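Undergrad: build me a model from this:
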Amino acid sequence: PPFVDAYSGLESWLGGVLDRSTERNPFAEVVTIGHSFGAALATLGAFRFASVRPVTRVSCFATSSPKVGGPSFRQLVHTLPNLRVLRLEHGHDVHTTVPADSQSHRWVHVGHTIYIKSTNNHHHHHHNSSSTPATTVRAYRFDKHNNHNNNNAHNVLKRYTERDLKQYTQVLQNLADGKKNQKTTSWVQDFCGEDVGKGVLGRNNEKRLVV
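TA: Okay, here's the model as predicted:
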């Protein structure tokens, strides 16, 4: 896919920048971010740097990301203890459905998923015909239990739309500002379908989170 070729041309320069930065600040965390095509590059960059720098903490925050690799790549990403990948998906974003699977290759997402869905809630007031967005937020650990991308190919163009960075920024800003109606949920606290229990408790019931 094009993003692999694009990243290959950037890796030497990017690796040099990150190496110099971490040498000056050995305890710093490397964070990559990107949207759509840039999200794919951010994911590849985070994986590659975390692989060669196992003592450096690396995080990737990807919005509207396409699928970057196959099942074997996902397994490699998820086995790196110093790498955290978090995908943000807003509604039925068509960017998250590509590339399409072929007979010889299956594409999958990597990392944890934050799924935000906004719907229009029409108020039945005669004096107000406007609609108010109702927002729900779900989190999926390693994308498990996430069925939002399980769609037949012929339905994708009908149900999905292209989400630009402005739309992602706006929905996050609305949540942060508390501009929510009564049906809007607060920010997610737990992963869907995961029985996390109370975590690990230390002395005097001190809470310790196992990530």
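Undergrad: can you say which helix or strand has the nearest residue to Phe37 once chain neighbours are set aside in it?
TA: In space, Phe37 comes closest to Phe3 once its chain neighbours are excluded; the distance is 5.9 Å by C-beta to C-beta, 6 or more residues apart in numbering. (Each C-beta comes from the backbone N, C-alpha and C, glycine too.) Secondary structure here is read from DSSP states H and E; on that basis Phe3 sits in helix 2-24.
Undergrad: show me what that helix is packed against.
TA: If you count contacts as 3 or more C-beta pairs under 8 Å, 6 or more residues apart in numbering; DSSP states H and E, helix 2-24 packs onto strand 30-35, helix 37-52.
Undergrad: deepest of those, which one?
TA: Highest mean neighbour count among these (mean count of other C-beta atoms under 10 Å): helix 37-52, with a mean of 21.
Undergrad: quick check: mean pLDDT of it?
TA: Helix 37-52 shows an average pLDDT of 95 in the prediction.
Undergrad: same thing with stretch 11-27?
TA: Stretch 11-27 shows an average pLDDT of 90 in the prediction.
Undergrad: for that stretch, C-alpha coordinates in CSV please.
TA: What follows is stretch 11-27, C-alpha atoms only, in CSV (Å, rounded to 0.1, in the frame of the first residue of the first chain):
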residue,chain,number,x,y,z
GLU,A,11,12.4,6.3,8.0
SER,A,12,16.1,7.2,7.7
TRP,A,13,15.5,10.9,8.4
LEU,A,14,12.9,10.3,11.1
GLY,A,15,15.1,7.7,12.8
GLY,A,16,17.9,10.1,13.0
VAL,A,17,15.8,12.8,14.6
LEU,A,18,14.4,10.5,17.2
ASP,A,19,17.7,9.0,18.0
ARG,A,20,19.3,12.4,18.6
SER,A,21,16.3,13.5,20.7
THR,A,22,16.3,10.4,22.9
GLU,A,23,20.0,10.6,23.4
ARG,A,24,19.6,14.1,24.8
ASN,A,25,16.6,13.1,26.9
PRO,A,26,17.0,9.3,27.6
PHE,A,27,13.9,9.2,29.8
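Undergrad: so which bits of that stretch are buried?
TA: By neighbour count on 16 or more other C-beta atoms under 10 Å, the buried set for stretch 11-27 is Leu14, Leu18, Thr22.
Undergrad: and that stretch, how far out from the chain middle?
TA: 24 Å (C-alpha atoms, centre = their mean, to the nearest Å).
Undergrad: and Cys60, its phi and psi?
TA: Here is the backbone geometry of Cys60 (degrees, to the nearest 10): phi -130, psi 130.
Undergrad: now it: closest residue in space that isn't a chain neighbour?
TA: Looking at Cys60 with C-beta to C-beta, 6+ apart, the closest residue is Ala46, at 3.7 Å.
Undergrad: so who does Phe73 touch?
TA: Going by C-beta atoms under 8 Å, 6 or more residues apart in numbering, Phe73 touches Phe47, Val108, Val110.
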